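Engineer: Output the structure for:
(one chain, ligands or ions: 1)
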Amino acid sequence: MNSISKENIRALPKVELHVHLDTSVRPETVGELGTAQGINLPNDLKTALVCPPVCEDLADYLTRVELALEVLQTASALERAAYELLEDMARENVIYAEIRYAPQLCIRRGLSMQQVIDAVTAGLHTGQEQFSVRAGQILCCLRHDPSAMSHEVAQCAIANWHPSKVVGLDLAADEAAHRGFPHRTAFRLAQGVGMPRTIHAGEAAGAESIREAITVLGAQRLGHGVRLEEDPTLFEPVRQQQIALEMCPTSNVQTRAVSSLAAHPIDRYLKQDLPVTVNTDGRTTSNTTLTQEYYKLTQQFGWGLVDIQQTVLTAAASAFQPDEEQAELRRIILQQWPER
Ligand SMILES: [Zn+2]
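Structural biologist: Here you go, the predicted structure:
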């Protein structure tokens with residue numbers, strides 16, 4: 001039996017690269033905001049927000065975000081959600097996080113995308129000051145959006161590009177139903193100015209989608225990348241270019257990207273020296289924490305401190321931050337890492 005306790009893992013310095021703001025709002029906060037905003041709330045908030053252990057598919061998983069989005073249409077709600085997420089992260093010693101969201105989903109009641117970004121920035125800056133968790137934002141283009149909308153999101157991302165503000169661009173939503181190709185001009189715009197890019201790929205679709213993400217959209221990291229092993233010729237470019245895999249074990253089982261945790265390739269990938277990172281995806285939707293994700297991996301695959309440290313250091317080295325900031329994260333991780 002593995003000897004690492006949840007408490008041990010909680011205390012370790014950790015880095016999280018893949019977490020969505022809208023699927024990580026505390027259920028009680030959704031309730032309070034909904035009541036204050038006069039929104040009709042379901043009796044059972046948790047059922048509306050939290051996925052069962054296994055969903056129908058990714059599209060079914062994504063329906064769990066609707067209610068949270070409904071309350072995230074004001075600046076104060078966005079600010080609070082961002083602030084509380086850093087508070088939750090501080091409780092488990094996440095030292096750096098990249099928090100992603102689609103600003104175009106929060107403009108239903110009159111906010112501009114810039115006002116959405118400003119509100120999230122305000123919440124994160126206050127949270128960072130109070131809880132000492134460094135944070136950057138990633139803006140998400142959505143696969144089902146028209147390409148012109150993705151272009152606008154990319155322009156917003158570039159206009160707000162700063163190590164303590166927006167740090168990268170993402171492509172999210174239903175990968176099985178929509179290709180990435182129509183969004184190539186948005187990602188070329190980002191690539192042209194050197195803005196970092198990550199793409200959700202290899203989750204609901206297979207290796208072809210990963211190839212498209214890397215070769216057409218210029219992905220420097222992959223959201224999930226679970227299905228990479230369907231085409232082992234992709235291992236070499238992923239290894240050589242250090243295209244980090246932002247894996248989210250609980251979510252990957254819920255969306256049926258894998259049939260079970262035991263079948264999850266994360267341990268195989270780690271052993272094959274692929275750049276693996278561990279993340280939550282949606283803390284509320286998946287009812288999890290980064291501690292819980294790591295704990296599951298220690299139980300399922302016998303991961304020890306060495307494995308955890310390797311993936312945390314990979315996350316630090318893959319952060320969308322300047323070299324000196326990555327080095328600083330690495331220094332903090334090694335300094336706080338327990339003696340064995
Ligand atoms: Zn995601």
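
Engineer: And stretch 217-235, end to end?
Structural biologist: 18 Å (CA to CA, to the nearest Å).

Engineer: List the buried residues of it.
Structural biologist: 217-229, 234 (16 or more other CB atoms under 10 Å). No exception for glycine: its C-beta is placed from N, CA and C like everyone else's.

Engineer: Ok, stretch 306-325 next?
Structural biologist: Buried residues in stretch 306-325 (16+ other CB under 10 Å): 307-321, 325.

Engineer: mean confidence for that stretch?
Structural biologist: For stretch 306-325, mean pLDDT rounds to 98.

Engineer: neighbouring contacts of it?
Structural biologist: 4, 9, 12-17, 96, 98, 136, 138, 163, 167-168, 196, 198, 221, 242, 244, 270, 275-278, 294, 297-298, 301, 326, 329-330, 333, 337 (CB atoms under 8 Å, 6 or more residues apart in numbering).

Engineer: quick one: the strands in the chain?
Structural biologist: 14-20, 94-101, 134-142, 166-172, 197-201, 221-224, 244-247, 276-278 (DSSP state E).

Engineer: which one of those lies closest to Leu62?
Structural biologist: strand 166-172 (9.0 Å; CB to CB).

Engineer: Now do that closest one: distance to the chain's middle.
Structural biologist: Mean-position distance between strand 166-172 and its chain equals 10 Å (CA atoms, centre = their mean, to the nearest Å).

Engineer: And that strand, what does it pack against?
Structural biologist: strand 94-101, strand 134-142, helix 147-159, helix 184-193, strand 197-201 (3 or more CB pairs under 8 Å, 6 or more residues apart in numbering; DSSP states H and E).

Engineer: Deepest-packed of these, please.
Structural biologist: Ranked by mean neighbour count under mean count of other CB atoms under 10 Å, these are led by strand 197-201, which reaches a mean of 28.

Engineer: Quick check: closest non-adjacent residue to Leu245.
Structural biologist: Gly225 (3.9 Å; CB to CB, 6 or more residues apart in numbering).

Engineer: I'd say the one you found and Ile199 touch.
Structural biologist: No. The pair Gly225 and Ile199 fails to qualify as a contact (CB atoms under 8 Å) at a distance of 9.3 Å.

Engineer: still on that earlier bit, out of the helices and strands packed on strand 166-172, which is closest to Leu69?
Structural biologist: Nearest of these (CB to CB): strand 94-101, 9.6 Å.

Engineer: Can you report how many residues neighbour the residue nearest to Gly282 when sequence neighbours are not counted?
Structural biologist: The shortest distance from Gly282 to any non-neighbouring residue, by CB to CB, 6+ apart, is to Thr23 (2.8 Å). Here the number of neighbours of Thr23 (other CB atoms under 10 Å) works out to 25.

Engineer: need the contact list for Thr23.
Structural biologist: 64-65, 68, 281-286.

Engineer: got the contact list for the closest residue to Lys46 other than its chain neighbours?
Structural biologist: Nearest residue to Lys46, sequence neighbours excluded (CB to CB, 6+ apart): Pro27, at 5.7 Å. Going by CB under 8 Å, 6+ apart, Pro27 touches 45-46, 49-50, 284.
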